[in-house]
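Chemist: the following comprises the amino acid sequence and a computationally predicted model.
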Amino acid sequence: MPNLLPEKILNGSMRSYTISHLLEGTHVSPTIPSERVVMNRVLPPWQRPFVWERHRQIAWMEGVFLGLGTGSYCVNGSDYEYGGEERFMSGWVIDGQQRLTSLGLFLEDAFPVFGGVYYSQLSVPERRRRVLNQPFPCFELDYQEDEEKLKELYKRLSFGGVAHTQADMDLLNGKGV
């Protein structure tokens, strides 16, 4: 009997990282000029820019403090050339750009939470306990060298939140790069 369902496109491992891992862990470096970096991770050139309005950033960060969790993010696994350089598409953030960018902005004191509390105002123990040691799980794909498969995964993971514009779709489909 033939298989009626397609093969999985999300193959890899869930990693139990904390927020501090994003700051202290292995940095992934861009391999081409059009890649952007967020929280020491690399964004594909076809991924849209940061779009969350300030109220969404605040609501998400406050949710973390209220125990609602961070959600997770998804990255393409890392792979290396024989000379030790990262291969193209290594470590690309496939899902989670809005959360990662919001977190980075909060850590830089770009906005307060709960009506006026900035990250820099938190005591060191409170920073560790309430921010840096918070779980922020990452689904790390087995390194995927097929960019079209990564785009398909991105579409399936990302097109349920804030609506993408036609310009975002053009960028994803190679018309704006």
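Modeler: Now that the structure is in, tell me what you want to look at.
Chemist: surely T31 meets E86?
Modeler: Yes: using C-beta atoms under 8 Å, T31 is in contact with E86, at 5.9 Å. Heads up, the C-betas are built off the backbone N, CA and C, glycines and all.
Chemist: which stretches in the chain count as helices?
Modeler: Secondary structure of the chain (DSSP state H): helices at 19-24, 54-65, 97-107, 124-127, 147-158, 166-172.
Chemist: put together JSON lines for these, with mean pLDDT, mean neighbour count and distance to Q47 on each row.
Modeler: Formatted as JSON lines, those follow (pLDDT from 0 to 100; neighbours: other C-beta atoms under 10 Å; distance: least, C-beta to C-beta, whole Å):
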{"stretch": "helix 19-24", "mean pLDDT": "92", "mean neighbour count": "16", "distance to Q47": "18"}
{"stretch": "helix 54-65", "mean pLDDT": "97", "mean neighbour count": "16", "distance to Q47": "17"}
{"stretch": "helix 97-107", "mean pLDDT": "97", "mean neighbour count": "21", "distance to Q47": "6"}
{"stretch": "helix 124-127", "mean pLDDT": "97", "mean neighbour count": "11", "distance to Q47": "29"}
{"stretch": "helix 147-158", "mean pLDDT": "92", "mean neighbour count": "16", "distance to Q47": "7"}
{"stretch": "helix 166-172", "mean pLDDT": "83", "mean neighbour count": "16", "distance to Q47": "7"}
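Chemist: and the least confident helix or strand in the chain by mean pLDDT, how far from the chain's centre?
Modeler: Between all helices and strands in the chain, the lowest mean by mean pLDDT, DSSP states H and E belongs to helix 166-172, at a mean of 83. Distance, stretch centre to chain centre, for helix 166-172: 19 Å (C-alpha atoms, centre = their mean, to the nearest Å).
Chemist: mind starting the numbering at 2 from now?
Modeler: Sounds good: first residue 2 from here, last item helix 167-173.
Chemist: quick check, central residue of this protein?
Modeler: G97 (3.3 Å; C-alpha atoms, centre = their mean).
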